[in-house]
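In: Here is my input, please return the structure:
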Amino acid sequence: CQSEDWNAHRHMCKPITWRLQVNNGNVTCSQRVYLRDLRKNDITKGMEIQVSVVELHSPGRFFIHVQSPELVEALRAVTVELQKTNGGSLGTDYKPDTGEVCAVKYSLDQNWYRGVVQSVAADDGNAKVLYIDFGNEEDVTLDRIKPLAASIEPIPPCALECSVAGITPVTDSWMGVCCMAVRQLVAGKSLTLTVVDTQENDRTYAVDILLTPIGKQLSTFLMDQGYAVREDVNKKRAEQDVDSLVSASLENFRRQSGGKNENMEAQPPDPLTQGLGDTFAAMVTHLQSPYDIICQKLDNASVIQELHLKLRDHCSQAPVSKNFRPAPGTVCCSLFYEDNQWYRAKVLAYSSEEKVCVGYIDFGNSEEVELSRLCSISSELLALPMQAIPCALAGVRPTAEVWSEETVLMLRRMVCNRFLRVEILGEREGMALVTMIDEASDPQGNVAEMLVATGYALPSNHQDEEKINKIATSGSPAVAEKLQWTCAELPTEGQMVALVVSVMENPGEFYCYKYNQEDLQVLAELGAELKRHCEADITPFTPSVGEPCCALFSGDGAWYRGMVQGVWAGSKARVYFVDYGNTSDVEPAHLRAITPELLKHHFLAIRCWLAGVEPLSPQWSAESIVRFQALCVGQQLHARVLFITERGYGLQLDSSGQNVATTLLSEQLAKAQAHAKYVPTGPKISQQKPAIQRDTTTSVGPPKPAAANENEPPTEKQVKKNNQSKATGLLCDLKLSSDKFPLDWRTVELPRNETFQPCIAAVVSPSLFYLFNPSHVYVERLQSVMMDLAVYCTTKALPSRCKPMPGAACCAQFSGDKNWYRAVFLETTETEASVIYADYGNSEKLPFASILPIPTEFLELPFQIARCALTGKEHFPSVWPVEVLELFSALLSDGVLASVQDFDGNSNLLSVTLQIERGGGHLNTMILEGLQSTQTGSAKTRRQEPGQTKTPIIATAPVTPATAPVTPATAPVTCWLSTDSSICSPDYASPCCCRNLVQKVKHIFLLLLLTYSVGGTRP
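Out: Numbering: from 1, shown residues only. Down below sits the predicted model:
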């Protein structure tokens, strides 16, 4: 084709390009791979499938995974093969084509994935790629792109690109608040998707999604909330900048204008004349921004209607002329796509030789039409002045350099489809500077004042608006302070905190607030402040989903802080009471705008669930709920955070000295918690999230009947039972995640009462250290776990933002080979963590980007390290000086003997003695005696400063994990007192004369340090 018929085929065929592939030193040639070379999905129009959304840019572009075992297995196989073929291959300066599918090294986890090259900047040495199996994009350097190996199966892209069918955004693009609302509705959920249409070679899909909780399709929800409008397939809008089309328009016009009717006699009619101070009733017909509004006088409605009848009669009688080609700037009749009616239109520009952009001079909007939809106009129809009145809203200016999409949307809601009273205050840039009053509202609303009061605009100080004070009856409106709020948080470092339950649903969902004097004082003060504010401010409040407000609780007639969760036209608004946790439907008359002053203190309600238990059946039984209430309601609880998930804080609760979860389990009212199975979600680009994310999950549809006890007042001491839906993903500064770093991983039980020489892997303290125990290695099971772990880690979305606690399990990427292994945290800082590899015993420090949460299914095979502590640990202090830890680690590494005395369900309890040739002595007894001898000074025990962390003592040097664990060799003993190593060589036949002295010094030093640490006095 290329050699013989290329002159004929070059316009249709794409030349074949070849690439070199290196396999074990052999160079072979193979073709580049493009999307067209991959298999196509078998998804067709009309199919209904179960999916999950893996990446959402907007309702107009998002990516899904079809939920099927076949997809998971195919993705796993491709991912493993990509690592295999690219992990050790030679790096080359590969120059990819735009549209080529390549192997791309993802920046976050340094693993290889399939990516299609969207653009190449060769000069800068980078390219923009789309990961076709996960839907996310990033810019990568060319050295991280390799050709796709021939061994990679050409399976279809696993991430399918979709858009919501049948709708378009109300503004030029999808607004951020809209995308946030959709993201919260679909994220992490199994969804039923219907394929409405297929596009672009059957690789993108127009779809609709059923939102089961609200019983509506996603397209209907977006239109109901004012984010979208129904798409008109017959209407092809041209909303480009007219000035940018002028040059191309004139060229298109001139090409075929010779001998054609250029309509030069039809010049635009005069505009309506208006005078300063004129007031008239009007309706907005077109709106681009507060500075670009088109309105019509209502008094001229009959004249405009008569004009339309004359236009219809004229165009129906006028002969069709292929010779009509009106010049830009002239006026003609144009058939509007939306209603197929004739209107007066000015020719703005020729977008092509056969299409023209026209502006409707009586309404202000524009569109692109074919020349066949134009008709010449008579002079009689040009006698009436242009009815569109260009206006600019006085008294406002944007909060940024330009008007935001949110402001334009809010203005549309205020003025469109309403009768307004317009007053002309002046002129600016050819437009009438006006004030607009909505006379239909009660009281009458000034549009400019409402924009300022709601924070969408600032008051204007423009010199041309000297008469702006006529807008307000009591001076210029004040600058609205933007509303900001925060939520109460619980400590995540293992500290105990006192809580009081405010709303009880069941053990899986309840709300608490901190039991401290400050928060109790805030509750009391807020009640009085809210009452004063709401009784003084009777201005009607329009609720908006995700915005805070003041709400009257029907149970006691008092005002409380709330968050709007849902609104229904002409009905109630659903409000979540942010300081207590209950929700209620509130009449619009019982809502007030909230002030920044009332938001200065964080929201007090904290969403929680009881960790370690789950219901015996799908729902919690009434008996379990009653028992849980009896344990918790009206009690001061002591809680510790174990997990942070999408349901809030997972807590360990103690009530009156008894563990609540253990009590429910022992009374057979709950079962031990099972863990969710892992579902791969693919690589993601780490993004900075806003500190406070507003909840835009919207409840739609008629409100459900309230439960009998729903309207109990949110008082300070009484728990309010509420059967309505609770706040989903309450707006907290803390990023909630389902990722987990479990502390309750199962350690192997060592044989009891057997003396052995332990291999110390890492030491945290006498209360926590780890032994390497390779005596029972299930090689096949361990290899299987490692393979599954690699797949999980290479397809996991993001590292967790939660700061794990020492002793928690995780997945860690070893720096030596970039593979993933099971590991346990030893210590953490703000930027990195020390971990011990649980199946190999070596340790290292890693950045958090190399650490991932670990699903519980990977913890079923016991670790090869054993969690241990000395017997008598209940008498040990919680904080140890670094010197004692160093000495303890040195003693453990110096040839000790150990025997397991007991297993307390969490750790192997060891009795440790020093070997006879090294002085003998029972280490447990030495520590306990040291503690007992200084008991009188225990009141002065030094405490660790907040935030201070201890460095774990690593007994063995890092090694590269091998296929089978290897026991590290014991280090030789070094004499403390002699500089001549030959004196105390391990090969010396007779006992060293100084060893007994060394051991005695060690014993004395340990006791002195223990005395110092407990008694507070330095020797």
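In: can you give me the helices for the stretch 151-300 of the chain?
Out: Under the criterion DSSP state H, counting those that start in this stretch, helices of the stretch 151-300 of the chain are mapped to 176-186, 218-224, 242-255.
In: So which elements touch the shortest one?
Out: Secondary structure elements in contact with helix 218-224, counted by 3 or more Cβ pairs under 8 Å, 6 or more residues apart in numbering; DSSP states H and E, are strand 160-164, strand 167-169, helix 176-186, strand 204-211, strand 228-230. Quick note: C-beta positions are derived from backbone N, CA and C, even for glycine.
In: F62 is in contact with L56, correct?
Out: Yes. Because the distance of 4.2 Å satisfies Cβ atoms under 8 Å, L56 is recorded as touching F62.
In: Which strands or helices does the helix or strand where R421 lies pack on?
Out: Assignment of secondary structure by DSSP states H and E places R421 within strand 420-428. When contacts are defined as 3+ Cβ pairs under 8 Å, 6+ apart, strand 420-428 packs onto strand 279-289, strand 431-438.
In: Can I get the shortest one in PDB, CA atoms only?
Out: Output in PDB follows, covering the C-alpha atoms of strand 431-438 (Å, rounded to 0.1, in the frame of the first residue of the first chain):
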ATOM      1  CA  MET A 431     -25.700  49.500  28.300                       C
ATOM      2  CA  ALA A 432     -28.400  50.800  30.700                       C
ATOM      3  CA  LEU A 433     -27.200  50.700  34.300                       C
ATOM      4  CA  VAL A 434     -30.200  49.400  36.100                       C
ATOM      5  CA  THR A 435     -31.600  48.200  39.400                       C
ATOM      6  CA  MET A 436     -34.000  45.200  39.400                       C
ATOM      7  CA  ILE A 437     -36.700  44.600  42.000                       C
ATOM      8  CA  ASP A 438     -38.600  41.300  42.200                       C
END
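In: What's the mean pLDDT across the helix or strand just after that strand?
Out: Note on strand 431-438: by DSSP H and E, the next helix or strand toward the C-terminus is strand 445-446. On average, the pLDDT along strand 445-446 is 86.
In: Restricting to C-alpha, output the following helix or strand past strand 445-446 in CSV.
Out: Moving toward the C-terminus from strand 445-446, the first helix or strand encountered (DSSP H and E) is helix 447-453. Below are the C-alpha coordinates for helix 447-453, written out as CSV (Å, rounded to 0.1, in the frame of the first residue of the first chain):
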residue,chain,number,x,y,z
VAL,A,447,-31.6,41.6,43.1
ALA,A,448,-28.3,43.4,43.7
GLU,A,449,-28.8,43.4,47.5
MET,A,450,-29.6,39.7,47.5
LEU,A,451,-26.4,38.9,45.5
VAL,A,452,-24.3,40.9,48.0
ALA,A,453,-26.1,39.5,51.1
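In: which secondary structure elements does helix 447-453 contact?
Out: Using 3+ Cβ pairs under 8 Å, 6+ apart: helix 447-453 touches strand 389-393, strand 396-397, helix 405-415, strand 431-438.
In: re earlier: so for L56 and F62, which residue has more residues nearby?
Out: F62 (24 against 19; other Cβ atoms under 10 Å).
In: Report the beta-bridge partners for that one.
Out: Taking DSSP bridges as the rule, F62 bridges to L56, C162.
In: What of the one 4 residues further on?
Out: Beta-bridge partners recorded for V66 (DSSP bridges): V51.
In: Also L499?
Out: Note on L499: beta-bridge partners K514, L637, judged by DSSP bridges.
In: circling back: the helices of the stretch 151-300 of the chain: lowest mean pLDDT?
Out: When the mean pLDDT of each of those is compared, helix 242-255 ends up at the bottom with a mean of 52.
In: For L598, list the residues it contacts.
Out: Shown in contact with L598 (Cβ atoms under 8 Å, 6 or more residues apart in numbering): L526, E529, L530, H533, C550, R561.
In: if you compare the helices and strands packed on helix 218-224, which one is most tucked away?
Out: Comparing the helices and strands packed on helix 218-224 on average neighbours per residue, with mean count of other Cβ atoms under 10 Å, the densest one is strand 160-164 at a mean of 23.
In: just checking, what packs against that strand?
Out: The elements that strand 160-164 packs onto, with contact taken as 3+ Cβ pairs under 8 Å, 6+ apart, are strand 61-66, strand 204-211, helix 218-224.
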